[in-house]
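Peer 1: sequence and predicted model, in that order:
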Amino acid sequence: MQFLTHSSSARLPTQYGDFDLHVFQDQRTDVEHIALTCGDITRSQNPLVRVHSECLTGDVFASTRCDCGEQLHHAQRLIQEHGHGLVLYLKNHEGRGIGLSNKMRAYALQDQGLDTVEANEALGLPVDSRSYEAASEMLSFFEIASVRLLTNNLGKKSALEALGITVHQQVPLLTEPTLENLKYLQTKSTKLGHLIPDLMG
Ligand SMILES: Nc1nc2c(ncn2[C@@H]2O[C@H](COP(=O)(O)OP(=O)(O)OP(=O)(O)O)[C@@H](O)[C@H]2O)c(=O)[nH]1
Ligand SMILES: [Zn+2]
């Protein structure tokens with residue numbers, strides 16, 4: 001917890017049920033990250049955890065180019081059904097770390113036929129530059145060492161494990177593919193190590 005300080009918390013009723021929203025200030029980046037918690041999670045063993053990368057277009061504007069918004073809300077639903085768990089919302093992860101302006105540049109290239117990996121490369125940008133220190137420090141704040149991780153991304157699991165978090169179980173977080181996001185999901189599956197079954201070739 002050297003670089004992350006807890007700044008405030010309040011109850012957050014949602015369409016899916018009641019959460020508490022905790023804001024953390026990251027002194028490395030001056031970014032505010034969020035932990036949305038359900039139930040008394042301090043020191044809990046293997047809670048359901050969603051580590052969610054900010055996606056303004058998907059999370060806020062319900063874009064169908066990706067599966068982020070649907071995954072976020074599905075995670076909130078699953079955590080509520082379970083009665084216990086957290087969403088860690090990482091605010092400096094937009095566009096897998098390249099930011100919104102560059103993500104829009106990458107989208108424009110994808111509209112010309114490049115896939116999500118090729119588009120970042122064509123812009124001279126990393127394919128995925130996300131780091132997960134803030135997530136691991138938020139878990140430390142709640143004294144949680146071991147989680148059941150809601151993700152299809154094995155790279156995210158490894159990144160958290162490298163930071164000392166035990167991933168007791170990887171829990172798939174699947175959405176129904178759409179015409180708009182099918183190619184994106186296929187590229188995540190074939191090039192980025194995501195476990196997404198049943199995608200038409
Ligand atoms: N650069 C870039 N970023 C994208 C694109 N589509 C979505 N993103 C970003 O990708 C991030 C989410 O990463 P994903 O690879 O979709 O999923 P993940 O979080 O790694 O894996 P899951 O835990 O299974 O959801 C968000 O920050 C989105 O803004 C794209 O085409 N290009
Ligand atoms: Zn998205």
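Peer 2: Perfect, thanks for sending it. Numbers count the residues shown, from 1 in each chain. Ligands and ions are numbered 1, 2, ... in the order given.
Peer 1: ligand 2 contacts on the protein?
Peer 2: Contact residues, the chain versus ligand 2 (CB under 5 Å from the ion): 55, 58, 66, 68. C-beta coordinates here come from the backbone N, C-alpha and C atoms, glycine included.
Peer 1: restrict those residues to those near ligand 1?
Peer 2: When contact is defined as CB under 6 Å from any ligand atom, those meet ligand 1 at 55, 66, 68.
Peer 1: in CSV, list those along with secondary structure.
Peer 2: Shown next, in CSV, are these (DSSP: H, G, I helix; E, B strand; the rest coil):
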residue, secondary structure
55, coil
66, coil
68, helix
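Peer 1: so where do the strands sit in this protein?
Peer 2: Along the chain, counting by DSSP state E, strands occupy 4-14, 17-26, 31-38, 48-53, 85-90, 146-150, 166-171.
Peer 1: out of the ones you listed, which comes closest to residue 183?
Peer 2: strand 48-53 (19.4 Å; CB to CB).
Peer 1: please see if the closest one touches ligand 1.
Peer 2: Yes - applying CB under 6 Å from any ligand atom, one finds that strand 48-53 is in contact with ligand 1 at residue 53.
Peer 1: off-centre distance for that strand?
Peer 2: Distance of strand 48-53 from its chain centroid, counting by CA atoms, centre = their mean, to the nearest Å, is 5 Å.
Peer 1: what does that strand contact?
Peer 2: Contacts with strand 48-53, where a contact means CB atoms under 8 Å, 6 or more residues apart in numbering, come from 59, 68, 71-72, 75-76, 78-79, 82, 84-90, 93-94, 96, 130, 132, 135, 139, 144, 147-151, 156, 160, 171, 173.
Peer 1: state the mean pLDDT of that strand.
Peer 2: The average pLDDT for strand 48-53 rounds to 98.
Peer 1: how about the residues of this protein near ligand 1?
Peer 2: Counting by CB under 6 Å from any ligand atom, the residues of the chain that sit close to ligand 1 are 53-55, 66, 68, 71, 93-96, 98, 103, 106, 110, 116, 120, 151-153, 156, 173, 188, 194.
Peer 1: do that again at 5 Å, thanks
Peer 2: Where the chain comes near ligand 1, counting by CB under 5 Å from any ligand atom, the residues are 53, 55, 66, 93, 95, 96, 103, 106, 116, 151, 152, 153.
Peer 1: closest to residue 182 among the residues you listed?
Peer 2: Among the residues of the chain next to ligand 1, and counting by CB to CB, the member closest to residue 182 is residue 66, at 11.3 Å.
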